[in-house]
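A.B. asks: got a sequence here, can you build the structure:
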Amino acid sequence: GIPWVEVWQGPAHIYFGHDARRGLQLHPLATGLDTGCVYGGKLTAAVLQPWTDGGVDSVSLLPLQPPPPAQLVSVKARETYVTPAT
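C.D. replies: Sure thing, here's the model as predicted:
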């Protein structure tokens, strides 16, 4: 099947993990952050900026404006903690 992230139409931008096989995924309304740290890859974080335009931060409410873009930051894993299955 088609990965859900390829058809996600929002309205909110989603950051997610647990998909190391696909690695970093950059889509218009979704960002997959799993870059395989446990397998010796990288640990990746999205540094989110606060809204300055009166956006809301409640999960139950939609933002008034899209959030500012996130900065992605990665660091290399110190070691391989788990050998990936083949």
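
A.B. asks: how about low-confidence regions in this protein?
C.D. replies: Low-confidence segments of the chain (pLDDT under 70): 51-67.

A.B. asks: what about 50?
C.D. replies: Applying pLDDT under 50 to the chain flags no residue at all.

A.B. asks: residue ranges for the strands of it, please.
C.D. replies: Under the criterion DSSP state E, strands of the chain are mapped to 14-16, 25-27, 30-32, 42-47, 71-76.

A.B. asks: please work out which of the ones you listed is packed deepest.
C.D. replies: Of all the strands of the chain, strand 30-32 carries the top mean neighbour count, a mean of 20, counting by mean count of other CB atoms under 10 Å. All C-beta atoms are positioned from the backbone trio N, CA, C, and that covers glycine.

A.B. asks: that one packs against which elements?
C.D. replies: Contact partners of strand 30-32 among helices and strands, from 3 or more CB pairs under 8 Å, 6 or more residues apart in numbering; DSSP states H and E: strand 14-16, strand 25-27.

A.B. asks: reformat these as CSV; add distance to Leu72.
C.D. replies: Output for the helices and strands packed on strand 30-32, formatted as CSV (distance: least, CB to CB, whole Å):
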stretch, distance to Leu72
strand 14-16, 10
strand 25-27, 9
